[in-house]
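Colleague: Predicted model and sequence follow; I will ask about them next.
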Amino acid sequence: MKKILTGNEAVARGAYEGGLKFASAYPGTPSTEILENVANYKQDLYCEWAPNEKVALEAAIGASIAGARSMACMKHVGVNVAADPLFTFAYTGVTGGCILVSADDPGMHSSQNEQDNRNYASAARVLMLEPSDSQESKDFVKLGLSLSEKFDTPVLLRTTTRVCHSKGLVELEDRVEKDLIPYQHNIRKYVATPGNGKVLRVQLEERLKAMEDYSNSAEINCEELGGDEIGVISSGVSYVYAKEVFGEKASYLKLGMTFPMPMEKIKEFAKKVKKLYVVEEMDPYIENHLKIAGIPCIGKEFIPAYGELNPDIVRHSFFGTGADNVSVELKATVRPPVLCAGCPHRGLFYVLSKKLKKIIVTGDIGCYTLGSAPPLSAMHTCFCMGGSISAGHGAAKVLNRAGSALRIVSVIGDSTFFHTGINSLMDVAYNKGNNITIIADNRITAMTGHQENPGTGYTLMGEPAVEADIPAICRAVGIKAENIAVVNPLDLAEMEEAVDAALAKTEPAVIITKWPCILKKFSDQDRRDFDLAPKKCSVDAEKCTKCKMCMKTGCPALTFAGTALINADSCTGCGVCRQVCKFGAIEEVEK
Amino acid sequence: MGDVKNILLVGVGGQGTILASKILSEGLIEAGYDVKMSEIHGMSQRGGDVSTQIRYGEKVYSPIIGEGSADVIVAFEKMEALRWLSHLKKGGKMLINDFEIPTVPIQLGVEKYPEGILDSLAAVADTVVIEAGEIAKNVGNSRTMNIVLLGALAKAMNLGDLDWKSLIQNNVKAGFAEINLKAFEAGFASM
């Protein structure tokens, strides 16, 4: 039976069909839907959200050592977090087949950087597969699980946004159950002391040789011979772009396995064609392998080494032919994403936005990064998960020592705090820092589309779970109880009072702004703990003095046309603009 | 690969472009085509722009197209039509919903919503303006605007023969099937 699936759905299906027993992940675009779909097969396997990617990979490693087929999934930057176990896992190898899925984001559709994680495969020396479409996404997961066991290596399945989020037809097959491989103590294999590591390192070279032999004979590294004028080497989604551009007259070497590279096969293919092109997104990964081997090819001197490709960019890069289109002088303005109407973060950032002469706000990765956008403009750094608190600590230390009056406020989300923020807060407490940490606890991992996390009370498989207690965690790492406040960020007076109180302290303080994401599917507990009854606000045009103060909240439900206006469809009655209006022109009305 | 058709659906987060694309691609598969569909939706729920590409034919390789390649662009919002004009093939058709959603900078008065979009586009391309908001309201539910536009697209692409009734029934909640079907028919008839 054929079904149209996204690449992510197909990866999940492949894991199911391939007898996978354990999967773990931390959500991150474009990888998130893999585990959400794996969870659809929960009657046959176990899956979970981990607090971060390192934990996810380590859990998958443990499942492999215990004899099960396992998988960890993450976005490209997540592999940076998981790199520590990955590099040694390449030495120890596996018991049950184990796949690490890295979903890269060329063009940065939803990421802070773009990085080509194919480099991780060669750096860590793990077998790498690169699917081009949904069918291959499914097939390569199944193949990867068996290659992992065959060559005793973790497998990096490297996808990109367009593979993850594009749909194509996929042939569905049945699940083949794989029994646990019986566990035996094997200290020399799994305890990477220097003594064992030195032996494992040599064994890794032998395994790499065997993997390279396989790569040279593998069906997934296949020649498609057309004419002898033009040859194209490509992998991943770039291959389908190349097919569109070079057509049926060219010859192709399509690489499904790109580490170890099939160098013998590449040399033979290069001899068969007069002109050799390499088509790949981001880094010259394949091209560099060819150049080291002395094989002339045309690639990155024409094709961009950054951003996302498409067939027209490939065509234009190599042949100089521009798009055949029309244009007009009128230009569309940018449509920046914004904090939603009713977003609990708005109250927090509105309060911070009034204190920007006194504070620097170090930020983190999540919806709340949108607090950096005008008119709020109340976040001033963002680079990685968990970085807000530790970067804030370093900044506060040097400013304090220089006698500066500037204070640091670090804003981090609940899921991001669990991810890697806790260590950073420990640093602040331990090293006597004084930055103020605000944990924006909206009761869900919101940015990636509402995934459960250790603080929400539920698991990926829908079971009730222990709820991580954020104030207790803060106390445990050394923040004094009297310096921890839990507030409703939509109550501006309460919010401001908490910030002012924290600014008045010399000791490190934590403010937890606790209110559920307005888009969240509220749990029974949410309904018990918070007043979530539907509300709406409206402007009394006669009282509106046209001062536009309400517009400074940046709420997408507000417009100004003569007077302030509230869009009744999108307003959720959060009341932030009502509290901002000094003239009582905004009131709550019947929903 | 000249027989591959390229459709682009563009709009703003929350307008239902993704549901419309899903229904359309399922229909194309049932009609026996090879179909590839690609969507970008990372920040769409937060008011950003959304685009979906659907390509169908005997054999489709790439899930996405570049500039100058779309046979039809359906713009769920007027300024999005302007944004994506460069992707329209010369001689291609643009279905434009006469519907404005201002950006936040526009709401704040920092930027202005471009004036004269429809005239400007009509001067260089084959455009059809659809009052999908009005049509949906007349049908009885303004949220069916996306299905009105799907109906118009089905007419424009000569896809009236697909089993739209069951496609829509399979993709919307039972209570909303009838009104969405009406919306589809009204959109189809508007062309």
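Modeller: Arrived safely, thanks for sending. Numbers count the residues shown, from 1 in each chain, chains lettered A, B, ... in the order given.
Colleague: What ranges does chain B have for its helices?
Modeller: For chain B, the helices defined by DSSP state H occupy B:17-30, B:78-84, B:104-107, B:117-122, B:132-139, B:145-156, B:164-171, B:177-189.
Colleague: Pass me the low-pLDDT residue ranges in chain B, would you?
Modeller: For chain B, applying pLDDT under 70 flags the ranges B:1-2, B:41-45.
Colleague: Pick out the residue of it closest to chain A.
Modeller: B:G66 (2.5 Å; C-beta to the nearest C-beta). The C-beta positions use only the backbone N, C-alpha and C, and glycine is treated the same way.
Colleague: Tell me how far that residue lies from A:C164.
Modeller: 20 Å (C-beta to C-beta, to the nearest Å).
Colleague: ok, which stretches of the stretch 451-591 of chain A are strands?
Modeller: A:484-487, A:509-514, A:536-539, A:558-561, A:563-566, A:586-589 (DSSP state E, counting those that start in this stretch).
Colleague: Tell me how many other residues surround the residue of chain B closest to chain A.
Modeller: 21 (other C-beta atoms under 10 Å in any protein chain shown).
Colleague: And A:K552, by the same measure?
Modeller: Residues near A:K552, counting by other C-beta under 10 Å: 18.
Colleague: I'd assumed A:P374 was in contact with it.
Modeller: No - the pair A:K552 and A:P374 fails to qualify as a contact (C-beta atoms under 8 Å) at a distance of 9.6 Å.
Colleague: Would you mind measuring from A:I484 to chain B?
Modeller: 30 Å (C-beta to the nearest C-beta, to the nearest Å).
Colleague: what do you get for A:T362?
Modeller: For A:T362, the distance to chain B - C-beta to the nearest C-beta - is 22 Å.
Colleague: Bridged to that residue, which residues?
Modeller: Counting by DSSP bridges, A:T362 forms beta bridges with A:T381, A:S410.
Colleague: Pull the contacting residues for it.
Modeller: Contacts for A:T362 (C-beta atoms under 8 Å, 6 or more residues apart in numbering or on different chains) come out as A:379-381, A:387-389, A:391-392, A:395, A:408-411, A:435.
Colleague: If we use 10 Å, what do you get?
Modeller: A:379-383, A:387-396, A:408-412, A:435, A:437 (C-beta atoms under 10 Å, 6 or more residues apart in numbering or on different chains).
Colleague: Mark which of the residues you listed are buried, thanks.
Modeller: With neighbours counted using 16 or more other C-beta atoms under 10 Å in any protein chain shown, the contacts of A:T362 contain these buried positions: A:379-382, A:387-393, A:395-396, A:408-412, A:435, A:437.
Colleague: Among these, which ones are in strands?
Modeller: If you go by DSSP state E, these have A:I408, A:V409, A:S410, A:V411, A:I412, A:T437 in strands.
Colleague: Look up the closest residue to residue 46, ignoring the ones flanking it.
Modeller: No chain specified, so I'll use chain A. Distances taken as C-beta to C-beta, 6 or more residues apart in numbering or on different chains put A:F22 closest to A:Y46, at 5.5 Å, once the chain neighbours are dropped.
Colleague: wrong one, I was asking about chain B
Modeller: A:P337 (3.8 Å).
Colleague: show me where pLDDT drops low in chain A?
Modeller: Ranges of chain A meeting pLDDT under 70: none found.
Colleague: 80 instead, please
Modeller: In the predicted model of chain A, residues A:322, A:591 satisfy pLDDT under 80.
Colleague: Can you name the residues of the stretch 101-250 of chain A that neighbour chain B?
Modeller: A:105, A:107-111, A:132-134, A:161-169, A:237-245, A:247-248 (C-beta under 10 Å from any C-beta of the partner chain).
Colleague: Which one of the residues in the stretch 101-250 of chain A is closest to chain B?
Modeller: Counting by C-beta to the nearest C-beta, the stretch 101-250 of chain A gets nearest chain B through A:S110, at 3.0 Å.
Colleague: Look at that residue and tell me its secondary structure.
Modeller: With DSSP: H, G, I helix; E, B strand; the rest coil as the basis, A:S110 sits in coil.
Colleague: so it sits right up against A:T448, yeah?
Modeller: Yes - using C-beta atoms under 10 Å, A:S110 makes contact with A:T448 at a distance of 8.5 Å.
Colleague: Please identify every residue contacting each of the two.
Modeller: A:G28, A:T29, A:P30, A:T32, A:K75, B:G42.
Colleague: nearest spatial neighbour of the third one, skipping sequence neighbours?
Modeller: The shortest distance from A:P30 to any residue that is not its chain neighbour, by C-beta to C-beta, 6+ apart, is 4.0 Å, and that residue is A:C164.
Colleague: The one you found contacts A:N37, doesn't it?
Modeller: No - with contact defined as C-beta under 10 Å, A:C164 does not reach A:N37; the gap is 11.4 Å.
Colleague: Next up, the contacts around B:S120.
Modeller: Counted by C-beta under 10 Å, 6+ apart, B:S120 has contacts A:V328, A:E329, A:L330, B:A81, B:L82, B:L85, B:P114, B:T127.
Colleague: next one: B:A31
Modeller: By C-beta under 10 Å, 6+ apart, the neighbours of B:A31 are B:Y56, B:L159, B:D161, B:L162, B:D163.
Colleague: Please list only the buried members of those residues.
Modeller: In these, the ones that pass as buried (16+ other C-beta under 10 Å) are B:Y56, B:L159, B:L162.
Colleague: could those be laid out in TSV, adding distance to chain A?
Modeller: TSV is the format used below for the buried ones among the contacts of B:A31 (distance: C-beta to the nearest C-beta, whole Å):
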residue	distance to chain A
B:Y56	11
B:L159	17
B:L162	15
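Colleague: out of those, which are inside strands?
Modeller: B:Y56.
Colleague: Any idea how many residues pack against B:A123?
Modeller: What B:A123 shows, counting by other C-beta under 10 Å, is a neighbour count of 11.
Colleague: these two touch, right, it and A:S327?
Modeller: No - using C-beta under 10 Å, B:A123 is not in contact with A:S327, being 11.2 Å away.
Colleague: list the contacts for the residue in the stretch 201-350 of chain A that chain B sits nearest to?
Modeller: Chain B sits closest to A:D312 of the stretch 201-350 of chain A, with a gap of 2.5 Å, by C-beta to the nearest C-beta. Taking C-beta under 10 Å, 6+ apart, we find A:D312 in contact with A:241, A:244-245, A:321-325, B:62, B:64-69, B:87.
Colleague: Quick check: the farthest pair among the contacts of B:A31?
Modeller: Spanning the widest gap among the contacts of B:A31 are B:Y56 and B:D163, at 16.1 Å by C-beta to C-beta.
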